[in-house]
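K.L.:
Just need the structure, nothing else, for what follows:
(one chain, ligands or ions: 1)
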Amino acid sequence: MGEAINTSEILSATGVDLFYGAQMAVRDAHLSVARGEVVAITGQSGSGKSSLLYCLAGVLPPARGDVRFEGRSLTRLGDDEISGLRRERFGFVFQYGELLPELTIEENTALPLRLAGQRKGPALAAAGAVLERLGLGELRERRPSQVSGGQSQRVAVARALVHRPAVVFADEPTGSLDSANATAVLEEFLGLARSQDTAVILVTHDPAVAARADSHYTMADGVLAPREATA
Ligand SMILES: Nc1ncnc2c1ncn2[C@@H]1O[C@H](COP(=O)(O)OP(=O)(O)OP(=O)(O)O)[C@@H](O)[C@H]1O
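P.N.:
Sure, this is the predicted structure:
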């Protein structure tokens, strides 16, 4: 039965080290993520969580070790291939959502589909459907400045999932929200991700958030260690 997780593995890290100059930020990280799995990474500020996420997403190349997506080593891919992967197979959510102020909520949500070459009509229709699903249908025409913090974070979630990515990388995705809002947004986020079999790598400082994941790792001084499964 131990083999089952390997056959469904979507992303892995093996012996990953990352440095900023002489400073080591990630040390010998090992991680295996299955298709559709929600993985939480907790740890103190400065422990290396974001740095690991950047390595896993192919944003920063590791100094040593390997990151594989669907069995392909990211370090062997060219810049165009990595960009393509990030655009089409990965999704991202950050602490403040980071919506583009000049686009409407619907256009912001449709962005990954437009960047992947989809035509405007179908892209906006797909964005509208995801917004509807998250209870945001009425906000379609508004700009980010005209919605609340919780709503803009929900829009960021919609945008991260609209192109049905294989993996979403979420760095403190509810860190800017009060706890009631954070819980609601997180539930919607994980519910939608699970429904489309998207794996989620969730960096958080909140143990209650981590408790909703399928597996939980902690980071301290750049060292990643597994904790007991929480699901
Ligand atoms: N661009 C950078 N240049 C130099 N050092 C950096 C850089 N980014 C991060 N670091 C350092 O690397 C270490 C890990 O930082 P990282 O942001 O990965 O931690 P974190 O666990 O995500 O922290 P937080 O919870 O505060 O976001 C820290 O010591 C940090 O100061």
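K.L.:
And the residue nearest to residue 154 when sequence neighbours are not counted, how far from residue 58?
P.N.:
Nearest non-adjacent residue to residue 154, counting by CB to CB, 6 or more residues apart in numbering: residue 134, 5.1 Å away. Backbone N, C-alpha and C define where each C-beta goes, glycine included. According to CB to CB, to the nearest Å, residue 134 and residue 58 sit 27 Å apart.
K.L.:
hang on, the residue nearest to residue 154 packs against residue 156?
P.N.:
No - judged on CB atoms under 8 Å, residue 134 makes no contact with residue 156 at a distance of 10.6 Å.
K.L.:
So which residues of this structure form strands?
P.N.:
9-20, 23-34, 38-43, 64-69, 72-73, 90-93, 167-171, 199-203, 215-220, 223-227 (DSSP state E).
K.L.:
Can you tell me the strand partners of the third one and which way each runs?
P.N.:
Yep, that's strand 38-43 we're talking about. Strands that pair with strand 38-43, judged by DSSP bridges, come out as strand 199-203 (parallel), strand 215-220 (parallel).
K.L.:
Need the ones you listed in TSV (columns: distance to residue 185).
P.N.:
As requested, the strands paired with strand 38-43 are exported to TSV (distance: least, CB to CB, whole Å):
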stretch	distance to residue 185
strand 199-203	12
strand 215-220	19
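K.L.:
what's the most buried one of those strands?
P.N.:
strand 199-203 (a mean of 26; mean count of other CB atoms under 10 Å).
K.L.:
next one: the longest helix anywhere in the chain to chain centre, how far?
P.N.:
If you go by DSSP state H, the chain has its longest helix at helix 179-195. Helix 179-195 sits 13 Å away from the centroid of its parent chain (CA atoms, centre = their mean, to the nearest Å).
K.L.:
in that helix, what's buried?
P.N.:
Across helix 179-195, burial judged by 16 or more other CB atoms under 10 Å covers 181, 182, 183, 184, 185, 186, 188, 189, 190, 192, 193.
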